Every structure is written in C-alpha cells, then in structure tokens.
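Enquirer: Quick check, what structure comes out for this input:
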Amino acid sequence: MIGTGLGFAVMKNGRILQNENKGPAYSIFRLPFHGATAEDFVSGRGIVNRYNKEAKVPAANAKEVADRADAGDALGLRVHAEMGADLAEIIGPILKDLRIKALYLGGQISKSFALFEEALRDGLSALSDLTVIEAAKDLDLAHLTGVTQWYLQNQPFDAYPMKLEAVCKEIVWGGTQLGERFHKPAGKIAEAWELCVHPEGVCKIENGKFAGKLLSDYLGTKENFPVMIKLIDACDRLSIQVHPVKTEMWYIVDCKPGATLVYGLKEKFNREDFLAALENGTVENLLNMVPVHPGDVFFIPQGLVHAIGAGILVAEIQENSNVTYRVYDYGRLQNGKPRELHVDQAMQTIRDFTPDQIEKARYACGRGDSHTLANCPLFKVDRFMVNGEMTVPVSGFFLSVICLEGEGKIGEERIQKGDSFYLPAGCGNVKITGSLEVILTTK
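Expert: Numbers count the residues shown, from 1 in each chain. Below is the predicted model of the structure:
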C-alpha cells in the first residue's frame, strides 16, 4: 500500500509488518535513487520540479501539472509516465522479495493514477505474484500512513512463538502412532493438521496472549492462508488419488521395513487403458510403486497420481486445499458403504511428469542448501537437527516449526516431539535450543 508522502505499508496474512519501533517495516521515501532520494522523483514535489525544468509556463503544484496532462499537455503526460517508471524501479525489488500479490495506491498520489498507471504496470510486469494494482476509490480514507498507524494502535500485533493445537481426523486407514508417539489424542487418528486455517479445521493457539483463540482470529481471516501441514499415520494404504489444485511434499518420518508408496504411473497416462484397468481390477499394474525409507522426500505436483502405502508415517506440507479426486480404493468400505470415487474428474486431472520436471518444480525457487527439502513458489521447507542452539530469522513471512524428535525450547517456550509452533511475520530472530529434529516451513 502506498499513500500520501510515499507512506508504504506491507500487509502479510492480515498483518501490517512492523519494524523494531512498531512502525511500518518498510519505508521508501528516503531510499537512495539516482543520486537523490525516492521522494525527489516520485512525489508531488518531484513531479513539479521535473515539469518546471522544461515548461515554458511553470506549474504551481502537482495538481496543475496533472490538469495540464489531462488536457493533453505532452510534457505533463511525459513526466507522469516517467514517474510511473521510476516508482516501479523503486518498489519493484521490495515487491519481488516479499512476493506481494496486490498493490494499492491511496492519498494524493492516487489522484493522478490514470496518468502513470500504464508505465507503472509495464515496470512491474515481470512480477508474476503481483496480480492487483489499484488506486483507492475513496480518497478521504486513503491516507495510508495515518491508516497504518491506526491499524497498529488498534489491532493486536503481538508476534511470539504460538503453540498450536492440532486438528485431528479419524479416517478408515489411520493408525495409533500419532497418539502413541506424538502426544495426539488416543484412537485411530489418520491425520493431525498441525498448521491449518481451512473451512474443515482451524488450529487453536495454546499459549501466550492469544491462548484459546483460533489462529484465524489472530490472523483476522479464515481465507487465503497459503499452506497446510499435517502429520499422517497410514496404518493401511491410502486410496489411489490425484489433486486438481494442490501441490504437496512428503517427508518420510518413519516406515515399516519394505513399505512402498504410489508415485506416478509406470507408463504415460492413457485414459482408455486406465479406465479399462479400473473396470477389470488390474489398475495396480499401472502404478509406479516406490520403496521408502525414513528421511526420503517426495514432491507431488498437482496432477500426479499418488498414494501413501501402509506402514508409513509422513509429514506433509501442502498448498492449502483439501480437494482430492479418489480414483481407486481397493473396494474398501466405510460405515458399510464403499467410499466415494471421482473417476471422471480424475481422468481430466491426471498428468505425466518426468523426474526432471518434478525436480525442477521442487526447487523452482532455488536449491538452497543441504537442509532444504523443497523450495517452490508455494512453500519452502527445511529440516534441521538441532544440537545446542540455532537462530531462525522471522521477518516478512510466517514460519512453522514442527518438532519430529527430541525436546528443547523455542524462544522461551518448551518444545517437544509432536509440537507445532506458528511464528508470525515480524517475530525477529528466534532461538531454538536443545536436541531435536525440526521441520521449518515458510512461504
């Protein structure tokens, strides 16, 4: 959000990012730019100075320059276009680094938006994440510097490591390991949703100022949270399935000797052959069965046929969707009835992937280092073995911490095997101490 006087505020997951002084985390008007500062180029003063250097009749203020441009004055049109290009050059790196999706302009700068909109859009066109560029419609409410301060003073922005209560799901193929090994409720728990803000389940905060509140209440929204993280105990094999709008990653926490899973097809997908195999009960012959071992990683882009096999414990990091097309379920019954299949939808969704294509998708945003399990536009996942102390920076994005083994502390909070912590953007440098294995996930 850009407002009067080049006030610049960044909102992530419903929160204005702050600096150490509780002000907006990013400021642009004093940024060095072409031997001066950004304000000298992309402000009312900058517009007037640029215009009057060449104008035969000087303009008194930025409004007068805009009025002349609206009337067809070539110089007025040009200096506004130049300002749009300069603004794109100034804010583009910040928008790219933070993967900003929407840019809103308010205050005085928005009054002449139509005059520099094209140049601004052209300058930011390479940012694939940025899908919205708009000017505020109600200028009286658009002085965003003041609005930002109001927001910070009137909304809770206590950023601390928040311990989450998992949302547990009983499913026909689930087991008892999540209760026995990871401190989840007793019973046949198939999935523990360790980080979720979803219509089918929202984690509850267990500690600190917001204890007892839903994570969605803290975030101020129940929509558009980017990821969901689960621990999955597959006592029995899962259905053969495919996702239309969900990419996910599996980290094999543990498994029985000889365990396997379905990872794509043996040959290229052929609709007629696949349907015939479903009809005559031979579809398992088409599946690519892969042996698994603790520590293995499987990246599953949307459209890839897959299924976790029996005897496997998985940490799953996924795009925040729970839409699954079940293709085949081994004739299994639930409550005395076969589970619903979605064959027609699956036939339109299944895609072929080469190993190279999957690898490129898995590391589309860079390979990182030896700790990095995946780094794609949807999530970045790292695994660390902590023996002593490590510091994790939490600035522009949230960080999820899942403890798979051991115990210690995260900040001042105790963390042990099976715990899930949500660290909001703006937490700063957070120390993790002890002897433990953790999975770190961010956007």
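Enquirer: all strands of the stretch 251-400 of the chain, in order?
Expert: Under the criterion DSSP state E, counting those that start in this stretch, strands of the stretch 251-400 of the chain are mapped to 260-265, 287-291, 297-300, 306-307, 312-319, 325-328, 333-334, 337-338, 372-375, 380-394, 399-410.
Enquirer: so can I have CSV of these showing mean pLDDT, mean neighbour count and distance to F33?
Expert: (Glycine included, C-beta is placed from N, CA and C.) Listed next are these as CSV, based on pLDDT from 0 to 100; neighbours: other CB atoms under 10 Å; distance: least, CB to CB, whole Å:
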stretch, mean pLDDT, mean neighbour count, distance to F33
strand 260-265, 98, 21, 50
strand 287-291, 97, 15, 53
strand 297-300, 98, 20, 40
strand 306-307, 98, 22, 49
strand 312-319, 97, 22, 37
strand 325-328, 95, 21, 51
strand 333-334, 82, 11, 63
strand 337-338, 88, 8, 65
strand 372-375, 96, 21, 31
strand 380-394, 95, 16, 27
strand 399-410, 98, 21, 32
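Enquirer: now the nearest residue to G76 once chain neighbours are set aside: how far from E82?
Expert: In space, not counting the residues next to it along the chain, G76 is nearest to A69; the distance is 3.2 Å by CB to CB, 6 or more residues apart in numbering. Going from A69 to E82 by CB to CB, to the nearest Å gives 12 Å.
Enquirer: returning to that earlier point: how many residues are close by the residue nearest to G76?
Expert: 23 (other CB atoms under 10 Å).
Enquirer: quick one: it and A81 touch, right?
Expert: No - under the criterion of CB atoms under 8 Å, A69 makes no contact with A81, lying 9.4 Å away.
Enquirer: shared neighbours, those two?
Expert: L115 (CB atoms under 8 Å, 6 or more residues apart in numbering).
Enquirer: mind listing what's buried in the longest helix along the chain?
Expert: Longest helix in the chain by number of residues (criterion: DSSP state H): helix 74-98. Within helix 74-98, the residues that count as buried by 16 or more other CB atoms under 10 Å are 75-77, 79-92, 95, 98.
Enquirer: On the three-state scheme, K209 is what?
Expert: Following DSSP: H, G, I helix; E, B strand; the rest coil, K209 is assigned to helix.
Enquirer: okay, now it: neighbour count?
Expert: Residues within reach of K209, counting by other CB under 10 Å, total 11.
Enquirer: That one and A159 touch, don't they?
Expert: No - the pair K209 / A159 is not scored as a contact, 10.4 Å apart, by CB under 8 Å.
Enquirer: Residue ranges of each domain in this structure, please.
Expert: As assigned by automatic domain parsing, the chain contains the domains 2-154, 162-371, 380-442.
Enquirer: burial count for A71?
Expert: 9.
Enquirer: make that G179, sorry
Expert: 18.
Enquirer: What residues does it make contact with?
Expert: By CB under 8 Å, 6+ apart, G179 lies in contact with P185, A186, G187, I189.
Enquirer: so how far is A192 from the spatially closest residue to the second one that is not a sequence neighbour?
Expert: Distances taken as CB to CB, 6+ apart place G179 nearest to A186, at 4.6 Å, with adjacent residues excluded. As for G179, its distance to A192 is 9 Å (criterion: CB to CB).
Enquirer: now swap in K222 and tell me
Expert: 20 Å.
Enquirer: cool, and S435?
Expert: In this view, S435 and A192 are 23 Å apart by CB to CB.
Enquirer: Kindly report the same for M83.
Expert: With CB to CB as the criterion, M83 and A192 are 52 Å apart.
Enquirer: which regions of this structure sit below the pLDDT cut-off?
Expert: Per-residue confidence for the chain (pLDDT under 70) gives these ranges: 1-27, 29-30, 107-108, 136-157, 223.
Enquirer: Can you show me the helices along the stretch 51-200 of the chain?
Expert: 62-70, 74-98, 113-123, 144-154, 177-182 (DSSP state H, counting those that start in this stretch).
Enquirer: Which of those helices sits closest to L423?
Expert: Among the helices of the stretch 51-200 of the chain, the nearest to L423 by CB to CB is helix 74-98 (16.7 Å).
Enquirer: What helices and strands are in contact with that closest one?
Expert: strand 32-33, helix 44-52, helix 62-70, helix 113-123 (3 or more CB pairs under 8 Å, 6 or more residues apart in numbering; DSSP states H and E).
Enquirer: can I get these in JSON lines with distance to V381?
Expert: As requested, the helices and strands packed on helix 74-98 are arranged in JSON lines below (distance: least, CB to CB, whole Å):
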{"stretch": "strand 32-33", "distance to V381": "36"}
{"stretch": "helix 44-52", "distance to V381": "43"}
{"stretch": "helix 62-70", "distance to V381": "47"}
{"stretch": "helix 113-123", "distance to V381": "33"}
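Enquirer: For P291, find the nearest of these.
Expert: Nearest to P291, of the helices and strands packed on helix 74-98 and by CB to CB, is helix 113-123 at 50.6 Å.
Enquirer: between that closest one and helix 44-52, how many degrees?
Expert: 90 degrees (axes from the mean of the first three to the mean of the last three CA atoms, to 10 degrees).
Enquirer: Buried residues, helix 113-123. List them.
Expert: So, applying 16+ other CB under 10 Å, buried residues of helix 113-123: F113, L115, F116, E117, A119, L120, G123.
Enquirer: for stretch 410-428, same thing?
Expert: Result for stretch 410-428 [16+ other CB under 10 Å]: buried residues 410-411, 413, 415, 418-427.
Enquirer: what's the offset of it from the middle of its chain?
Expert: Here stretch 410-428 is found 18 Å from its chain centre; the criterion is CA atoms, centre = their mean, to the nearest Å.
Enquirer: Endpoint to endpoint, that stretch covers what distance?
Expert: Its start and end residues considered, stretch 410-428 measures 13 Å (CA to CA, to the nearest Å).
Enquirer: Same question for stretch 103-115.
Expert: Start and end residues of stretch 103-115 are separated by 17 Å (CA to CA).
Enquirer: Spatially, which residue comes closest to F225, not counting chain neighbours?
Expert: Nearest non-adjacent residue to F225, counting by CB to CB, 6+ apart: V197, 3.8 Å away.
Enquirer: Give the full set of residues in contact with the one you found.
Expert: Here V197 is in contact with C203, L215, S216, L219, T221, K222, F225, N320 (CB under 8 Å, 6+ apart).
Enquirer: from those, which two are the most distant?
Expert: Largest separation among the contacts of V197 by CB to CB: C203 and T221, giving 14.0 Å.
Enquirer: If you count surrounding residues, which of these two has more?
Expert: Ranked by neighbour count (other CB under 10 Å), C203 and T221 place C203 first, with 24 against 12.
Enquirer: And the closest residue to that one other than its chain neighbours, how far from E54?
Expert: Nearest residue to C203 in three dimensions, chain neighbours excluded: L164, at 4.1 Å (CB to CB, 6+ apart). The gap separating L164 from E54 is 60 Å, by CB to CB.
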